[in-house]
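next one to model:
(chains A and B)
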There are 2 protein chains.
Amino acid sequence: MIVLTEIKDVREHLRAERFAAAKEGRELQIGFVPTMGYLHEGHASLLRSARMDNDLVVLSIFVNPIQFGPNEDFDRYPRDSDKDMALAKREGVDIVFLPSVDEMYPQPTKTRILVSELTDHLCGATRPGHFDGVTTVVGKLLHIVAPHRAYFGQKDAQQVAVVTQMVIDLNMDVEIVPCPIVREEDGLALSSRNVYLTPEERQAALVLSRSLRQAEQMAREREGATVAHILQELVRTIESEPAASLDYAEIRSFPSLASLPGSMRAKEAEGKLLIAIAVKFGTTRLIDNVILTMEGEK
Amino acid sequence: MIVLTEIKDVREHLRAERFAAAKEGRELQIGFVPTMGYLHEGHASLLRSARMDNDLVVLSIFVNPIQFGPNEDFDRYPRDSDKDMALAKREGVDIVFLPSVDEMYPQPTKTRILVSELTDHLCGATRPGHFDGVTTVVGKLLHIVAPHRAYFGQKDAQQVAVVTQMVIDLNMDVEIVPCPIVREEDGLALSSRNVYLTPEERQAALVLSRSLRQAEQMAREREGATVAHILQELVRTIESEPAASLDYAEIRSFPSLASLPGSMRAKEAEGKLLIAIAVKFGTTRLIDNVILTMEGEK
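Numbering: from 1, shown residues only, chains lettered A, B, ... in the order given. Next comes the predicted model:
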């Protein structure tokens, strides 16, 4: 495993590897996992998928300032480089790209990649500018690494939808591979931000997965359950937890993120349904979701 | 020369060519000239530069709807595919990419690449959204062709500055090569839009290059000439032509497009000075410019 901090070194290294493979008659397949570090088993599952599908695995670790709002946690976002390196090594990463903020933004960027519509609601509504920062940095990283496949966790379902839209619209030559949410045994979705939680908040945060499981069950099993019904129950469950402060709870189609009429029965939905929530516990904002494949029963 | 209309064919063809070259131990250098067709000798000069520098030359011809405003000339933009193909063949183009609007925009794009600041003035001020359309389509085309070098005419000096900024900010792995303006013998800068001019307007349009030559001379030779001075003379000359209706005349640093104090003597300027004008003749809007390298005399 090699660790590179400069863009030109990543490019040169990958160019040489690609070229060497082509000389032997093989097209080198590169898998890329962009992260903000403080890696957990969710990231490990992305790395394992990348390792399975590709000849070479690149992991980037970069806490991207332009996707954080002025009152968000950029400064205190958790970092642990030694632990990250150990996990990367364990998962067979070939190249870790670990740029500084100066390397990625030698001057403030005048250029942004903006995805409209999909970024108007859910996390886009409460974190204005967040997704512009995400698409811009993901665009930059994809240009630097030029992978065949890039892996993203479904926990950030809106991010998956937005990045996929960007890649399609801009004809980027990469496959976006979404990977399932990884959870603790008690149901809490893994997140680098879980480290912020006090023991009491950690316990209260179980309401996320619990409320989503209930909503999923209701959507699948209760015959006449409408979108509005399910949402109402979801909100009620979350609000029954005193330490939880609801940011949003929404049901939308996936990956279009189009809104659904409240009166629609869940069972009528065709394709994928996203049930997504964002909830604050103290100062820590956590997100979770479930994606259901529906069969459009009439 | 082969003509391709589908993105996947361009990708496959170039991938095969790159791979074949690599197998032989060479890295295939690809030169790319993106155009809106109705090719003239200005385009030919771009193609010749691309031919000189690269192993393989790709020309794209695409009149990009999203860079035209609602009252602009998208519908009547001149097209002549036969003549374009003849010129492309003459200049040794290897691949012509000739996509339909549906191929480039199978659905309306939700994603845009936006460059701020540089797009606020000059043509950006009178053509709102124009450069967003340009950077978005150039980004798409660069992703499709993945060239080593892309060639742009300096006549669209702001476009060169904006595209260069995009490539730097987004870490696109391509060299933007600006090429000098090509002019008719009488000084008129070549433009596909010259075809719109009546004989009288064609004659009147000589004021563009004439006024710029004067401005250049004044900047280089008249000791105390300030930016405001030169601009005043420039505007006076253009307005002395009854058929000319001034859109803008500006002097800015290049490629930053930063404004300059009117009181600054031109000879004090360091680096490059852009003197740029846009003028309407009847319904036809033409642009022209000159870029001067100054030595910062105190």
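
tell me the contacts of the closest residue to A:Gly25 other than its chain neighbours?
In space, and not counting its chain neighbours, A:Gly25 is closest to B:Lys23: 6.2 Å by Cβ to Cβ, 6 or more residues apart in numbering or on different chains. C-beta: built from backbone N, CA, C; applies to glycine. B:Lys23 sits next to A:Ala22, A:Lys23, A:Gly25 when contact means Cβ atoms under 8 Å, 6 or more residues apart in numbering or on different chains.

okay, the residues you listed in a markdown table with secondary structure and pLDDT next?
Formatted as a markdown table, the contacts of B:Lys23 follow (DSSP: H, G, I helix; E, B strand; the rest coil; pLDDT from 0 to 100):
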| residue | secondary structure | pLDDT |
| --- | --- | --- |
| A:Ala22 | helix | 92 |
| A:Lys23 | helix | 90 |
| A:Gly25 | coil | 89 |
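
ok, so of these, who is nearest B:Val137?
A:Ala22 (29.8 Å; Cβ to Cβ).

check contacts around the residue nearest to the closest one when sequence neighbours are not counted.
Closest residue in space to A:Ala22, ignoring its immediate chain neighbours: B:Ala22 at 3.3 Å, by Cβ to Cβ, 6+ apart. With contact set as Cβ under 8 Å, 6+ apart, B:Ala22 has these partners: A:Arg18, A:Phe19, A:Ala22, A:Lys23, B:Leu28.

A:Val162 reaches A:Gly133, doesn't it?
No: A:Val162 is beyond contact range of A:Gly133, at 11.2 Å (criterion: Cβ atoms under 8 Å).

between the two, tell me which one has more neighbours.
Using other Cβ atoms under 10 Å in any protein chain shown as the criterion, A:Val162 and A:Gly133 rank with A:Val162 on top: 30 against 19.

so the more buried one versus chain B, what's the distance?
Here the criterion is Cβ to the nearest Cβ, to the nearest Å. By it, A:Val162 lies 9 Å from chain B.

now do A:Lys110
On the measure of Cβ to the nearest Cβ, A:Lys110 and chain B end up 5 Å apart.

tell me how many other residues surround that residue.
When neighbours are counted by other Cβ under 10 Å, A:Lys110 comes out with 16.

strands of the stretch 101-250 of chain A, start to end?
With strands called from DSSP state E, counting those that start in this stretch, the stretch 101-250 of chain A shows them at A:111-115, A:149-153, A:175-179, A:244-254.

give the contact list for A:Leu87.
A:Leu87 neighbours (Cβ under 8 Å, 6+ apart): A:Leu39, A:His43, A:Ala44, A:Leu47.

mind running it again at 10 Å?
By Cβ atoms under 10 Å, 6 or more residues apart in numbering or on different chains, the residues touching A:Leu87 are A:Gly37, A:Leu39, A:His40, A:Glu41, A:His43, A:Ala44, A:Leu47, A:Leu59, A:Asp80, A:Val93.

state the pLDDT value of the fourth one.
Right, A:Glu41. Looking at A:Glu41, its pLDDT stands at 97.

thought it was touching A:Arg183?
Yes: with contact defined as Cβ atoms under 10 Å, A:Glu41 and A:Arg183 form a contacting pair (9.3 Å).

if you count what's nearby, which of those two comes out ahead?
Neighbour totals were compared for A:Glu41 and A:Arg183, and A:Arg183 leads with 16 against 13 (other Cβ under 10 Å).

which residue is the nearest non-sequential neighbour of A:Ala258?
Excluding its sequence neighbours, the residue lying closest to A:Ala258 (Cβ to Cβ, 6+ apart) is A:Arg252, at 6.3 Å.

that neighbour: neighbour count?
22.

A:Phe131 too?
Applying other Cβ under 10 Å, we find 27 residues neighbouring A:Phe131.

need the phi and psi values for the nearest residue to it once chain neighbours are set aside.
Nearest non-adjacent residue to A:Phe131, counting by Cβ to Cβ, 6+ apart: A:Thr119, 4.1 Å away. Note on A:Thr119: backbone dihedrals following degrees, to the nearest 10 are phi -100, psi 0.

give me the low-pLDDT residue ranges for the stretch 1-150 of chain A?
Scanning the stretch 1-150 of chain A for pLDDT under 70 picks out nothing.

could you chop chain A up by domain?
A:2-179, A:192-290 (automatic domain parsing).

and the ones you listed as JSON lines, adding distance to B:Pro99?
JSON lines is the format used below for the domains of chain A (distance: least, Cβ to Cβ, whole Å):
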{"stretch": "domain A:2-179", "distance to B:Pro99": "10"}
{"stretch": "domain A:192-290", "distance to B:Pro99": "25"}
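
thanks a lot, catch you later.
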